[in-house]
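Trainee: coordinates only, sequence not included:
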């Protein structure tokens, strides 16, 4: 139990970017655009975040907020980069998977290229603080067990993730915009016939998706790294897709799946201290999210859980 | 414009645009475009314009072919499935499984010279095919997108392979022990021909696969049923083609080709198995190669060379003071432009109709 408590900050640290990026995927897929490019957008966000943080950290005055400025930079960079996905898939009717794959490859090239231009090396300079941990949150950290698990010695970004989950749920399931967004992902032709501008809704959704994935990338680098390198994101964008599926394209499902995947990844580190799990190799824990997602896909198949029209190219002149 | 011309023209325009993007980025960031061209020329021919007295160093074209071979195979793999309407993003995992099977077999089972290498190739192909069977089956049985299951299986393969490679005797954190020479594809003859590069007999495998690909897709009834399924699944079903069978078979053949790529990487390029911390992208390069090559045997051959050149020239670019990632930027931009071919087609048709109009006008002018 003690180990479980000490493990929890790591779980939350790993889970935060997964959850936020998966929410990004949720917006885009619910509107009908498959976003394979999450990984690439996270890379761009992570690079922008680390760069801005490094450059601002030494400035007097704003230096203390450099980490948060980094997240903002990641968000903006994510929006700009996802614009490429939006234009190619929505306006130019590119195959979503192919465009996303191209953007993933482009991201790894362009971020390291910019590192070489700005810092003269294949990585950013390392930042000193990034985002710092909160030692203990007043009142809440006094709650027995949970207080120690969740509310002390934790990065504040996890609370942003939880707020974003609530916000996403509200926006997608309780507002008019959300209804339109889901309509575009289920049946764009029908949505258009009742006067919804499918192109506009999809553009907005993909850009929101970019904002979330970009800031997720920045948060990931600024909390768990010391600089941006080519392997900073190492497949978390794809784990986010897995979390999206495992969470049945639902914000709360995404939250649960994200924490669960964070748990399996933390177990990879901690397993050597747990008698029974010691026997299992660390690769086993690393592979869990992917294997379970395949299993989940099999279980979900036949029931319609995902957005029906995700991945279909919408052309208003076709019926 | 007729369809055949368009098929050639779009990749060509995409390549030009991709290189243009690369040049613009170089100019904006204050690097020389010349350096790019010099680096590419050296990567292709081994001739360095800055040091002309050294002449042609054949090691460079040798290494160029070494890196072209596996991505041509993965290009064929992705292309084969694409012809049948499947997007085999899981080629990466199939490459890894091919490599794993070959490494384990070669290290654990002693085999006589000559037969050993061929047995390993076959086993590599089988391993890739079996790994590809999973997304095929999931698509057939549960209608699960091969893209999503492929991505998940890529990572499963990577971690799984690392586990098995690490328990082989003598493996350290990066690599296994050398595989026995009876299973290697390298030859001192080919190496001496190309200035001691790693050029190996795998090129015969690639040539056979390119020809077989062309023959199966274009000349057999099986290939026809694959293409029909890819073109219109329901139409093909209506015409009496066993669509489900074509889907599973096509992705398994695709997996076999990817597995072969994994096999020649182990048996030829490296001569040992590698414990990977991140995917090495042979499968993803295959996607680029297949898309730019229009999933056509000859097209894949050429686009494989293009992407290999952009890859092997990277260290040479870095030496010339150009960030090596420009190679990646150019190759991914090319894929991006192929992806938005709809826009390119639109602009082309606009240009065409304009030309047509002006021709009509000028003709009208002379007849008056």
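Mentor: Here it is on my side, so go on. Note that this is a predicted model, so its numbers are computed, not measured. Numbering: from 1, shown residues only, chains lettered A, B, ... in the order given.

Trainee: Show me the strands in chain A, by range?
Mentor: Assigned by DSSP state E, the strands in chain A fall at A:134-136, A:152-154.

Trainee: Quick check: which of those is buried the most?
Mentor: The highest mean neighbour count among those, using mean count of other Cβ atoms under 10 Å in any protein chain shown, belongs to strand A:152-154: a mean of 19. Placement of C-beta: from N, CA and C, glycine included.

Trainee: Distance from that strand to the middle of the chain?
Mentor: 22 Å (Cα atoms, centre = their mean, to the nearest Å).

Trainee: The residue of chain B found nearest chain A: how many residues sit nearby?
Mentor: In chain B, no residue comes nearer to chain A than residue B:328, which is 3.2 Å away by Cβ to the nearest Cβ. Residue B:328 has 23 neighbours, counted by other Cβ atoms under 10 Å in any protein chain shown.

Trainee: Nearest residue to it in space, please, no chain neighbours.
Mentor: Counting by Cβ to Cβ, 6 or more residues apart in numbering or on different chains, residue A:109 is the residue found nearest to residue B:328 once chain neighbours are left out, at 3.2 Å.

Trainee: before we move on, what about residue A:123?
Mentor: Residue A:123's closest residue in space is residue A:229 (Cβ to Cβ, 6+ apart), at 4.2 Å.

Trainee: residue ranges for the helices of the stretch 151-300 of chain A, please.
Mentor: A:157-174, A:176-186, A:188-193, A:198-224, A:236-246, A:251-270, A:282-300 (DSSP state H, counting those that start in this stretch).

Trainee: what angle sits between the longest one and helix A:157-174?
Mentor: Calculated by axes from the mean of the first three to the mean of the last three Cα atoms, to 10 degrees, helix A:198-224 forms an angle of 160 degrees with helix A:157-174.

Trainee: if you look at helix A:198-224, does any of it touch chain B?
Mentor: No. Counting by Cβ under 8 Å from any Cβ of the partner chain, chain B has no neighbours in helix A:198-224; the shortest distance is 14.4 Å.

Trainee: Tell me how many other residues surround the residue of chain A found nearest chain B.
Mentor: Closest residue of chain A to chain B, Cβ to the nearest Cβ: residue A:109 (3.2 Å). By other Cβ under 10 Å, 25 other residues sit near residue A:109.

Trainee: Residue B:289 too?
Mentor: 32.

Trainee: Which of the helices or strands spans it?
Mentor: Assigned by DSSP states H and E, residue B:289 belongs to helix B:282-292.

Trainee: quick one: average confidence on that helix?
Mentor: Averaged across helix B:282-292, the pLDDT comes to 94.

Trainee: hey, where'd the helices end up in the stretch 151-300 of chain B?
Mentor: Ranges of helices within the stretch 151-300 of chain B are B:188-193, B:202-219, B:221-231, B:233-238, B:243-264, B:282-292, B:297-312, based on DSSP H, counting those that start in this stretch.

Trainee: Report the rounded mean pLDDT for stretch B:138-158.
Mentor: Across stretch B:138-158, the average pLDDT comes to 92.

Trainee: Do that stretch and chain A come into contact?
Mentor: Yes. Interface with chain A: stretch B:138-158 contributes B:138, B:142-145, B:147-149, B:151-153, B:155-156 (Cβ under 8 Å from any Cβ).

Trainee: Skipping adjacent residues, who's closest to residue B:172 in space?
Mentor: residue B:275 (8.0 Å).

Trainee: So what's the residue count around that neighbour?
Mentor: A count of nearby residues for residue B:275, using other Cβ under 10 Å, gives 16.

Trainee: Do I have it right that it meets residue B:164?
Mentor: No. Contact between residue B:275 and residue B:164 fails when scored by Cβ atoms under 8 Å: they sit 10.1 Å apart.

Trainee: In chain A, where's the longest helix?
Mentor: Using DSSP state H to assign secondary structure, the helix with the most residues in chain A is helix A:2-30.

Trainee: Which secondary structure elements does that one sit against?
Mentor: helix A:38-57, helix A:146-150, strand A:152-154, helix A:157-174, helix A:176-186, helix A:198-224, helix A:236-246, helix A:251-270 (3 or more Cβ pairs under 8 Å, 6 or more residues apart in numbering or on different chains; DSSP states H and E).

Trainee: per-residue confidence at the residue nearest to residue A:123?
Mentor: 93.

Trainee: where's it relative to residue B:328, distance?
Mentor: 15 Å (Cβ to Cβ, to the nearest Å).

Trainee: Then residue B:143?
Mentor: Residue B:143 is 35 Å from residue B:328, by Cβ to Cβ.

Trainee: where does the chain have low pLDDT?
Mentor: In the absence of a named chain, this looks at chain A. A:1, A:304, A:318-319 (pLDDT under 70).

Trainee: wait, I meant chain B there
Mentor: Applying pLDDT under 70 to chain B picks out residues B:1-4, B:362-368.

Trainee: For burial, what's the neighbour tally of the nearest residue to residue A:137 once chain neighbours are set aside?
Mentor: Nearest residue to residue A:137, sequence neighbours excluded (Cβ to Cβ, 6+ apart): residue A:151, at 4.5 Å. Residue A:151: 18 surrounding residues under other Cβ under 10 Å.

Trainee: Surely residue A:151 touches residue A:140?
Mentor: Yes. With contact defined as Cβ under 8 Å, residue A:151 counts as touching residue A:140 (4.3 Å).

Trainee: Identify whichever of the helices of the stretch 151-300 of chain B lies nearest to residue A:45.
Mentor: Residue A:45 sits nearest to helix B:282-292 of all the helices of the stretch 151-300 of chain B, at 20.7 Å, using Cβ to Cβ.

Trainee: that older thread, contacting residues for the residue nearest to residue B:172?
Mentor: Neighbouring residues of residue B:275 by Cβ atoms under 8 Å, 6 or more residues apart in numbering or on different chains: B:162, B:165-166, B:171-176.

Trainee: Tell me the buried residues within those.
Mentor: Among the contacts of residue B:275, those classed as buried by 16 or more other Cβ atoms under 10 Å in any protein chain shown are B:162, B:165, B:171, B:175-176.

Trainee: Let me have these in CSV, extended by distance to chain A.
Mentor: Below are those laid out as CSV (distance: Cβ to the nearest Cβ, whole Å):
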residue, distance to chain A
B:162, 5
B:165, 10
B:171, 13
B:175, 16
B:176, 15
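
Trainee: Nearest spatial neighbour of residue 131, chain-adjacent residues omitted?
Mentor: Reading this off chain A. With sequence-adjacent residues excluded and distances taken as Cβ to Cβ, 6+ apart, residue A:131 is closest to residue A:67, at 4.1 Å.

Trainee: You answered for a different chain; I wanted chain B.
Mentor: residue B:97 is the one closest to residue B:131 (Cβ to Cβ, 6+ apart), at 4.2 Å.

Trainee: Can you report how many residues neighbour that neighbour?
Mentor: A count of nearby residues for residue B:97, using other Cβ under 10 Å, gives 29.

Trainee: ok, back up a step: what's the closest of the strands of chain A to residue B:343?
Mentor: Among these, strand A:152-154 comes nearest to residue B:343, with 46.7 Å by Cβ to Cβ.

Trainee: which other helices and strands contact the helix holding residue B:289?
Mentor: On a contact count with 3+ Cβ pairs under 8 Å, 6+ apart, helix B:282-292 meets helix A:96-119, helix B:3-28, helix B:59-83, helix B:91-108, helix B:243-264, helix B:297-312, helix B:326-339.
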